[in-house]
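Asks: Pasting the sequence and the predicted model now:
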Amino acid sequence: MNILLYNPDNEVTNNFMPHLWMFLLKSLTPPGHNVFLIDGNARRMSTQDLVEYIRENHIGLVGIGAMTRMIRKAYRMADAVRAAGVPVVMGGPHVTEVPDEPLGRDGEPRHADAVALGEADQTWPAIVADAERGTLKEVYAPVNTDGKEVKPSLDDYPMIPWDRMDMDQFNLIKHFPKMARRLLSLFGMTWQSFHLIPIESGRGCPYGCEFCTVTGFFGDSIRFRSNESVVNELLMLKALEKREKGKVAVFFIDDNFAINPRRTKSLLREIIARGAQVPWVAQISMNLLRDEELVSLIAQSGGRWIFMGLESIDPENLKSVSKGFNKPNEYQAVLERLARHNVYAITSFIFGMDGDRPGVAQRTLDVVRSWPPGLPVFGLLTPYPATPLYDRLATAGRLTRPKHWLEFKPFTMAFKPLGITVDQAEEEVRQAWASTYSPQTIASTMGWLESRTFTDRLIHLLCRLAFRGIYFPQMKRQDWLHVLFQNRVPILHLLAQALELKFKPHPREPLSLEPQRSAEPTV
């Protein structure tokens, strides 16, 4: 049987990192089946395009996974596939949270023949077998004979054969505008490809933040792959990088990569010992980064960026959403510790919390400007279905768009905040993005980084320009031309330095994403 695994885009934002679930399920598919992968973020398709692809490749089963922000597009594509006579099974966090919705049990149209709830590692082979026999059930859940949910162990995690996968649709260089590619070649970039690869080393998070869907999906049962399994995967990617004359970076998609610091240190030491370093990004709670040894190991093992959900500079706000373990008075020390090791932070902030008042953006920005430069991102508090936040707001009658996901609008409130109006909250987010990614702020950031390596400065500039596109549309050629012109001063400054490095007689600083090694590995 030919199977298509499809991850939709949401037609608004873009994500050029592959979604791991598709590659994992392909690796878990029983022998004798052909599995095709399409990620709508890298290869956008209309309903007609998808149906034609399915017919041309004689697809017998379509699996669609989607998070809440993508679910509207997912339903539309699923409807088209089912209308063409091909069964659809849907899974992922949103479907797990509201399974009656895709099955049409809530009064809305039906979108799926079957749903896979929770982690599908164990249920996927059964789904494939039933589909082949034409006996799909409506619901597949990972439960034991007593009906209790069973979280899959990661002890026998499959090796995903990245070196045999067709990754062309995820080559980030192909998504750069031609002008940007020419500019990068002047900076000395000779890579044929650049892939950001998702890897998980563990699952689960015990914190239970009120707005988060993680605990509901992965649970608070923390599970890890073996160190050997993770390191072998990294070594495979390094070999692939060499073969393709490209560059590979890794995003550890664990909900909290360092949730068990002792285990994380053990893994990082093994990465270092076996020479498996590749540039990597991970999500880590700020309270775990007080540990100097951990941060040192992060840097030595290839860690370049850490995503931290700081959420707010107001301790009371953090307590109101069950995230009181974040301590705003420690933010600066943590970020400075990372910067000393040439590791930088993607810091996430949420506006619209109960304690927010007009001016929250400016107050936040005033604090952020005192920190080492990173990549701040800003959003609005969003009540995802089946979270404690959603239930609390629904009970209080504060939801304004109870099914906001069926009419996805980025950076738009879905409930009534207490100390600020909806319009004010949305304006605070706009102000935060506009100020943080203005040409003036980008130039100031590059000035702060002047003493860092050329590569560090180039990566910061590229990331700043790319992250600006999370909020401001810049997918068209004229949008990029406008952005490049606005930021011509730091771009030309870096270009002059690149030419100087190229033509000066002293040894040239290579364009590299590898970590700067200034100390021996910690043991």
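Replies: Looks like it arrived, so ask away.
Asks: so what's A112 up against?
Replies: When contacts are counted by C-beta atoms under 8 Å, 6 or more residues apart in numbering, A112 touches 64, 78, 82, 88-90, 95, 102-103. No exception for glycine: its C-beta is placed from N, CA and C like everyone else's.
Asks: if we go to 10 Å?
Replies: A112 makes contacts with 62-64, 74-75, 78-79, 81-82, 87-91, 95, 99, 101-104, 136, 138, as judged by C-beta atoms under 10 Å, 6 or more residues apart in numbering.
Asks: Let me see the ranges of the strands in the stretch 201-350 of the chain.
Replies: Ranges of strands in the stretch 201-350 of the chain, per DSSP state E, counting those that start in this stretch, are 202-203, 223-224, 247-252, 280-283, 303-311, 344-351.
Asks: Buried residues in the longest one, which are they?
Replies: Using 16 or more other C-beta atoms under 10 Å as the burial criterion, the residues of strand 303-311 that qualify are 303-311.
Asks: Ok, the third one next?
Replies: When neighbours are counted by 16+ other C-beta under 10 Å, the buried residues of strand 247-252 are found to be 247-252.
Asks: Check stretch 255-273 too.
Replies: Here stretch 255-273 shows 255-259, 261, 264-265, 267-272 as buried, counting by 16+ other C-beta under 10 Å.
Asks: Please name the nearest non-neighbouring residue to L375.
Replies: In space, L375 comes closest to I346 once its chain neighbours are excluded; the distance is 4.5 Å by C-beta to C-beta, 6 or more residues apart in numbering.
Asks: Please apply the same query to V143.
Replies: Excluding the flanking residues, the one nearest V143 by C-beta to C-beta, 6+ apart is E149, at 5.6 Å.
Asks: cool, F325 as well?
Replies: Leaving aside its chain neighbours, F325 sits nearest to N287 (5.1 Å; criterion: C-beta to C-beta, 6+ apart).
Asks: residues contacting that neighbour?
Replies: With C-beta under 10 Å, 6+ apart, N287 has these contacts: 207, 258, 308, 325-327, 330, 334.
Asks: now, which of these lie within helices?
Replies: Cross-referencing those against helices under DSSP state H gives V334.
Asks: and stretch 328-339, average pLDDT?
Replies: In this model, stretch 328-339 has an average pLDDT of 97.
Asks: Give me the buried stretch members for that stretch, please.
Replies: For stretch 328-339, a neighbour-count test (16+ other C-beta under 10 Å) marks 328, 331, 334-335, 337-339 as buried.
Asks: contacts for it?
Replies: Residues from elsewhere that reach stretch 328-339 (C-beta under 10 Å, 6+ apart): 284, 286-292, 294-296, 298-299, 303, 305-306, 308, 310-315, 317-318, 327, 343-345, 347, 367-368, 370-374, 448-449, 452.
Asks: ok, 6 Å please
Replies: When contacts are defined by C-beta atoms under 6 Å, 6 or more residues apart in numbering, stretch 328-339 is touched by residues 286, 289, 295, 313, 315, 345, 371-372.
Asks: Same check on stretch 97-109?
Replies: Outside stretch 97-109, the residues that touch it by C-beta under 6 Å, 6+ apart are 90, 95, 110-112, 115, 385-386.
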